[in-house]
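**Q** Prediction below, plus the sequence it came from.
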Amino acid sequence: MKRKYYLVDTENVGDKWFGLLDKINKKDRIVTFYTENHSKRLREFLLRQVNNSQIIWLECAVGNNALDYQLIGVLGYLIVKHPKASFCIYSNDKGYEKTVEFWESRGIRISLKGSEQKKKAKKSEKKLEKSSVKKSEKSTEKNTVKKKEKKKGKQPAATQPCHTDEQTYHSASPGLVEQNGELSAEQYVTEISRCIPLSNMVGWYCALTVVLGQSAGKIWYNKIKNNEQIKQELSKNCIADSYSRGVSLTTLVLRANNLDTGMGEAAFKIIQAHTPKDLTKIKAGLDTMLGQPPQNKNHYYKALRPMVSLLHKL
């Protein structure tokens, strides 16, 4: 079992973290950041636990956001020293969200937790559940209508396909390009599952946040990451050919940004023609070869820029 480090912002959560000690594993460590302005309860707790090897006590300098900066500095040090460990910032401070996103996108297992985060997580789960129930109800209504139409001898209305079984880009792409309506979040997730293996969760995080946006992307990432059944179902969709996966993913990103999906393969070839660091050349290639008008010429680069490294690793 790998070690987990809990970095506690006592200026923010006060004494609410005391219960962590009863929940963590023997190998885990709690790094407690406090200042001279700490509470009486914290001082009493420190005296009782001063010899506990699972708790590391770090007194910080006092100042505006000083403790936050010191916590982030120690976090960086621990990640470099123990890259295979996992980390949790225990705080309700939203300012840490960007820090978590930065490290998470680079393959580090890290989370932000606190009393307020737990409430938000529950709210997000309830929203997803309500959304799923509504979609299920709509699906049931559609099926009922179809059955009635069949009984009357009518042909059911055409439904929008969501490709999951195709094995090559060339058989799947036309359907994706021809669909005029907006894809649902579930359909975007299914399309991503065709392009990125479930073994590459860093790639999944990147694709989900680019296609669905940061907020919805993170919710879906956590939903997939923590559910083995969903992983198994989605893993069945992955295309074997890496080139086809790259073209499909490029096309999907263009679709999510309301750009011409017919340019998907051309855009992917431009990205593949240069190294991930040659962003200037990639931008120039997209601007020139895609032949966009002056007011739109940066749109393709802006949409695909966050995906460049991922598209090279597929």
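**A** The structure has been received and is ready for your questions. Predicted, not measured: the structure shown is a model, and the values here were computed from it.
**Q** Going by C-alpha atoms from here, please, whenever you check contacts or count neighbours.
**A** Noted.
**Q** Output the below-cut-off pLDDT ranges for the stretch 51-200 of the chain.
**A** Confidence mapping of the stretch 51-200 of the chain against pLDDT under 70 gives the ranges 115-181.
**Q** Could you rerun that using 80?
**A** For the stretch 51-200 of the chain, residues meeting the criterion pLDDT under 80 lie at 114-182.
**Q** Double-check that Leu7 belongs to a strand.
**A** Yes. Assignment of Leu7 by DSSP: H, G, I helix; E, B strand; the rest coil places it within a strand.
**Q** which residues of the protein fall in strands?
**A** All strands of the chain, identified by DSSP state E, fall at 4-9, 29-34, 55-59, 86-90, 109-113.
**Q** Need those in JSON lines (columns: distance to Lys302 and mean neighbour count).
**A** What follows is those, written out as JSON lines (distance: least, CA to CA, whole Å; neighbours: other CA atoms under 10 Å):
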{"stretch": "strand 4-9", "distance to Lys302": "35", "mean neighbour count": "23"}
{"stretch": "strand 29-34", "distance to Lys302": "39", "mean neighbour count": "21"}
{"stretch": "strand 55-59", "distance to Lys302": "42", "mean neighbour count": "15"}
{"stretch": "strand 86-90", "distance to Lys302": "31", "mean neighbour count": "22"}
{"stretch": "strand 109-113", "distance to Lys302": "27", "mean neighbour count": "19"}
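**Q** What sits closest to the most centrally placed residue in the chain if chain neighbours are left out?
**A** With distances taken as CA atoms, centre = their mean, Tyr205 lies nearest the centre of the chain, 3.2 Å away. Leaving aside its chain neighbours, Tyr205 sits nearest to Tyr221 (5.9 Å; criterion: CA to CA, 6 or more residues apart in numbering).
**Q** got the contact list for the one you found?
**A** Trp204, Tyr205, Leu208 (CA atoms under 8 Å, 6 or more residues apart in numbering).
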